[in-house]
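J.: sequence below, structure please.
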Amino acid sequence: MFAALFTWDIDPILVDFGALQIRYYGLWFAATIYAGLYIWRREAMQRGYSPIFAEDFLLYGVLGIVLGSRLGHCLFYEPERYLANPIEILYFWKGGLASHGATIGLFFVVWLFGRRNKLKFLRIADMFVPAVAFAAGGVRIGNFFNSEIVGRAWDGPWAVIFARYDRFAGIEPAIPRHPTALYEVLMGLFTFALLMFLKSRKIRRAGSGFYTGVFLISYFSCRFIVEFFKEYQVDKFVANAKQIATAGEGLQLTMGQYLSILPVVVGVFFLVRALKQPIDAIPEAVPWSPELEAERQAEAAAAVASKSKKSGKRKKKK
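T.: Purely as a prediction, here's the structure:
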């Protein structure tokens, strides 16, 4: 038997002004968004896109994360509750966000942003997934401060007692658990490091779908494994063992594991597809610079002038 590594009983509210509260989760969420924007901006500029282009995506990204994660939780984990009372979907302050929903939301807005800018989905997605991987890990630190996404009972060497969580669940005394929120921090950082390593090896260029495939396989394979140690992710977790009841007496999987299978399959498809292409199937990118931007603007102006000149000649002929 091991003693718990430590007891975690931190108040999730950092500063309380009454009507206004500043929570650790909110701070980590904001910091994660900022860090993700920085990584995305750097990746985009390395592939020839301007800082303005990168920053234009910020609103898309935030909406994709917030709306996708909320709808994902409501529809994947508690559909009966929220379909019976749809107005509760808007009650963000009561909690309930799902990373699978956030991923779907982000990939949808990547597609939307690509259509607006006349770019293929995979060209943007390959640039964007490092930011997603880093942010997916970073936001889990906020979950840890909230004493949520805790693990199942365990008395191992790095077990943590989540006193606040167990009090809320009516478990006295509190029990040692897997710190699964921290596992997911490491999961996101591992995927980010893997993407950066493969990028340095120049196995394939961004736009081939290679990095999107690696992200989906790495992150959601890890997520599938971590689910074996995670407590059920809805209220009254003991009663909600019905999440796995459909598996009968055989292999019992959680909703999070079922939702992780499809992204892995899609990731394998993207990865195999990219590896079948020659490396030079995607043109090598020229990093953005003020000089490159000036050159592009000059070419665009010349094209407009040429088009206008041709249009003027046609009118004279008429």
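
J.: quick one: mean pLDDT for the helix or strand where F168 lies?
T.: F168 is located in helix 163-169, with elements delineated by DSSP states H and E. Averaging pLDDT along helix 163-169 yields 90.

J.: equivalent analysis for stretch 84-91, please.
T.: Across stretch 84-91, pLDDT averages out at 81.

J.: what about it, distance to the chain center?
T.: 24 Å (CA atoms, centre = their mean, to the nearest Å).

J.: quick one: buried residues of that stretch?
T.: Going by neighbour count (16 or more other CB atoms under 10 Å), the buried part of stretch 84-91 is I89. No exception for glycine: its C-beta is placed from N, CA and C like everyone else's.

J.: what lies in contact with it?
T.: 70-71, 74, 81-82, 94 (CB atoms under 8 Å, 6 or more residues apart in numbering).

J.: residues touching the nearest residue to L186 once chain neighbours are set aside, list them.
T.: Using CB to CB, 6 or more residues apart in numbering and skipping the chain neighbours, the partner closest in space to L186 is G137 (7.1 Å). Residues near G137 by CB under 8 Å, 6+ apart: 184-189, 191-192.

J.: now those residues in TSV, with secondary structure, neighbour count and pLDDT?
T.: Listed next are those as TSV, based on DSSP: H, G, I helix; E, B strand; the rest coil; neighbours: other CB atoms under 10 Å; pLDDT from 0 to 100:
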residue	secondary structure	neighbour count	pLDDT
E184	helix	24	96
V185	helix	19	96
L186	helix	13	97
M187	helix	23	96
G188	helix	24	95
L189	helix	16	96
T191	helix	27	97
F192	helix	24	97
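
J.: of all those residues, which two lie farthest apart?
T.: Using CB to CB, the two most remote members of the contacts of G137 are E184 and F192, lying 12.7 Å apart.

J.: all helices for the stretch 51-200 of the chain, in order.
T.: Taking DSSP state H, counting those that start in this stretch, the helices of the stretch 51-200 of the chain run over residues 51-72, 79-84, 99-116, 121-145, 163-169, 180-201.

J.: on that earlier part again, show the buried residues in the contacts of stretch 84-91.
T.: Neighbour-count burial (16+ other CB under 10 Å) applied to the contacts of stretch 84-91 gives 70-71, 74, 82.

J.: now render the residues you listed as JSON lines, adding distance to W111.
T.: Below are the buried ones among the contacts of stretch 84-91 laid out as JSON lines (distance: CB to CB, whole Å):
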{"residue": "R70", "distance to W111": "19"}
{"residue": "L71", "distance to W111": "16"}
{"residue": "C74", "distance to W111": "22"}
{"residue": "Y82", "distance to W111": "25"}
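
J.: and of the helices of the stretch 51-200 of the chain, who's closest to S260?
T.: Among the helices of the stretch 51-200 of the chain, the nearest to S260 by CB to CB is helix 99-116 (7.3 Å).

J.: tell me the buried residues in the closest one?
T.: If you call a residue buried by 16+ other CB under 10 Å, then helix 99-116 has these buried ones: 99-107, 109-110, 113-114.

J.: give me the contact list for stretch 19-30.
T.: 10, 12-16, 138-139, 141-143, 145-146.

J.: and of those residues, the nearest to A298?
T.: G138 (40.2 Å).

J.: contacting residues for the nearest residue in space to the closest one that is not next to it in sequence?
T.: Leaving aside its chain neighbours, G138 sits nearest to T32 (3.9 Å; criterion: CB to CB, 6+ apart). By CB under 8 Å, 6+ apart, the residues touching T32 are 134-135, 138-139, 142.

J.: okay, those residues in a markdown table with neighbour count, distance to Y60 and pLDDT next?
T.: Compiled in a markdown table, the contacts of T32 are given as follows (neighbours: other CB atoms under 10 Å; distance: CB to CB, whole Å; pLDDT from 0 to 100):
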| residue | neighbour count | distance to Y60 | pLDDT |
| --- | --- | --- | --- |
| F134 | 23 | 18 | 95 |
| A135 | 26 | 14 | 92 |
| G138 | 21 | 19 | 92 |
| V139 | 25 | 18 | 91 |
| G142 | 22 | 22 | 92 |
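
J.: Serialize these to CSV and add fields for distance to S289.
T.: Conversion of these to CSV gives the following (distance: CB to CB, whole Å):
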residue, distance to S289
F134, 25
A135, 27
G138, 29
V139, 33
G142, 36
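
J.: and which of those residues is nearest K307?
T.: Out of the contacts of T32, the member with the shortest distance to K307 (by CB to CB) is A135, at 41.9 Å.
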